[in-house]
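Starting from these lines, generate the structure:
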Amino acid sequence: MEKDHTILEEVIFIILNLIFFGIFFFFVVDQSSGAFVVEQYYAKQIALILDNSKPGTSIKLDFTEPYNFARDNNIPQAQILSINEGFVILQITSSNPYSYAFFNNIKVEYVYELKDDKVILNLNIK
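Coordinates of the predicted model:
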């Protein structure tokens, strides 16, 4: 009886370890794809730009890399970027979007401009 109990414990231990390492593996693969880093970088850069902007400012930003990631992941253009209520929200993968706060109390209009093989993001501060 004692031997059966030990084998059951070992089987449960192995199964739990496989589940843990499987989840860990998929997390690492998802994070190392590069999209997560691009998402964070552009959301933070846009938020920092907005924090230092004054009304009437117009900013052009090369947005080709995140736009291409979003297109490859079938994210609609309207969902890629959202700027409202003090947050820059960027989604270029099918996982959760990345958001970053800014503190400047401004309204922002943004338009994508497709030029040749580049995507330019035009930010107009109101």
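
Flag every buried residue along the helix or strand bottoming out on mean pLDDT in the chain.
Using mean pLDDT, DSSP states H and E, helix 2-31 stands out as the lowest-scoring helix or strand of the chain, at a mean of 85. For helix 2-31, the buried set under the neighbour-count rule, 16 or more other CB atoms under 10 Å, is empty. The way it works is simple: take the backbone N, C-alpha and C, and place the C-beta from them, glycine included.

again, but for stretch 92-107
Counting neighbours by 16+ other CB under 10 Å, stretch 92-107 gives Ile92, Thr93, Pro97, Tyr98, Tyr100, Phe102, Ile106 as buried.

Which two among those residues are spaced furthest apart?
Comparing every pair within the buried residues of stretch 92-107 by CB to CB identifies Thr93 and Ile106 as the most remote, at 27.8 Å.

out of the buried residues of stretch 92-107, which are inside strands?
Of the buried residues of stretch 92-107, the ones assigned to strands by DSSP state E are Tyr98, Tyr100.

Go through the buried residues of stretch 92-107 and say which is closest to Ile15.
Proximity of these to Ile15, judged by CB to CB, is greatest for Thr93, which lies at 29.9 Å.

which residues does that closest one contact?
With contacts taken as CB atoms under 8 Å, 6 or more residues apart in numbering, Thr93 has the following neighbours: Ser33, Ala35, Phe36, Glu39, Phe69, Ala70, Asn73, Ile75.
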